[in-house]
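In: model this:
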Amino acid sequence: MLKDKKKINELVINAKNGDSMAFATLMNNYKDGLYFFIIKMVGDRVAAEDILMETFYKAFTNLSLYSFDYAFSTWLYTIAKNNTIDYIRNCKKNVLHNCKKDFINDDASSFLNDIAEDKKHEPDNIVIRQEEKEAVRDYVSMLKPHYRILVEKFYFEDKKYEEIAEELNLPLGTVKGKLHRARKMINKFIGQNNI
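Out: Down below sits the predicted model:
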């Protein structure tokens, strides 16, 4: 692990100037320590990996905001801490609210409701609903497998959190937290493609 402040600052300067290899070196330098820092807070390896990647993404996209008045590691750990706190808060909200309505934006949510109920039996509407169902499934298929299985069980098989937790042998909080993160990812996909 690099500890030489001068070398680290040099890598940061190069990364700020667009050198992706310099940033990759910084990532490799801090990833293990950050991962263990995050996993102590969340206790979930998959969530910790996601938060770690999100931390590096935010650090890379906001590198121009970094000030050399502070140690780079302090800045990086602050981003990781804030991302982890956000994740924990979101998990708590899911536990408290225990509802499906915040799945994704209103358009996609109405698609899912129509898919689940499929009340409209006119030929034109059946074709339209099928196309919408395919579009939403396409977004779901873009998720990592550990998210995808939860979304499919919750929204397409209409299972409750408790049933999924029992079936997959996962803690209830993990199921709720992962579903929340999956909702955010799908929302991002839909926003990027304006379905």
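In: per-residue confidence for E134?
Out: Confidence at E134, expressed as pLDDT, is 61.
In: so what touches stretch 57-65?
Out: With CB atoms under 8 Å, 6 or more residues apart in numbering as the test, stretch 57-65 has contacts from V12, A15, K16, F23, Y66, W75, L76, I79, N83. C-beta: built from backbone N, CA, C; applies to glycine.
In: now do S73 against K153, distance only.
Out: In this view, S73 and K153 are 40 Å apart by CB to CB, to the nearest Å.
In: can I get stretch 33-50 as PDB, trimmed to CA atoms?
Out: The C-alpha trace of stretch 33-50 is given here as PDB (Å, rounded to 0.1, in the frame of the first residue of the first chain):
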ATOM      1  CA  GLY A  33      -9.100  -0.800   3.400                       C
ATOM      2  CA  LEU A  34     -12.300   0.800   2.100                       C
ATOM      3  CA  TYR A  35     -14.000  -2.500   1.600                       C
ATOM      4  CA  PHE A  36     -13.300  -3.600   5.200                       C
ATOM      5  CA  PHE A  37     -14.300  -0.100   6.500                       C
ATOM      6  CA  ILE A  38     -17.700  -0.400   4.600                       C
ATOM      7  CA  ILE A  39     -18.400  -4.100   5.500                       C
ATOM      8  CA  LYS A  40     -18.000  -3.300   9.200                       C
ATOM      9  CA  MET A  41     -20.800  -0.800   8.800                       C
ATOM     10  CA  VAL A  42     -23.200  -2.900   6.600                       C
ATOM     11  CA  GLY A  43     -22.300  -6.500   7.400                       C
ATOM     12  CA  ASP A  44     -23.100  -7.600   3.800                       C
ATOM     13  CA  ARG A  45     -20.400  -8.400   1.300                       C
ATOM     14  CA  VAL A  46     -22.500  -7.800  -1.800                       C
ATOM     15  CA  ALA A  47     -23.700  -4.400  -0.500                       C
ATOM     16  CA  ALA A  48     -20.200  -3.500   0.600                       C
ATOM     17  CA  GLU A  49     -18.900  -4.300  -3.000                       C
ATOM     18  CA  ASP A  50     -21.600  -2.100  -4.500                       C
END
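In: contacts for it, please.
Out: 1, 51-52, 55, 76-77, 80-81, 83-85, 87-88, 146, 174, 177-178, 181.
In: ok, 7 Å please
Out: Stretch 33-50 is contacted from outside by 51-52, 55, 76-77, 80, 84, 87-88, 146, 174, 177, 181, using CB atoms under 7 Å, 6 or more residues apart in numbering.
In: which of the residues you listed fall in helices?
Out: Within the contacts of stretch 33-50, membership in helices is found for 51-52, 55, 76-77, 80, 84, 87-88, 146, 174, 177, 181, as judged by DSSP state H.
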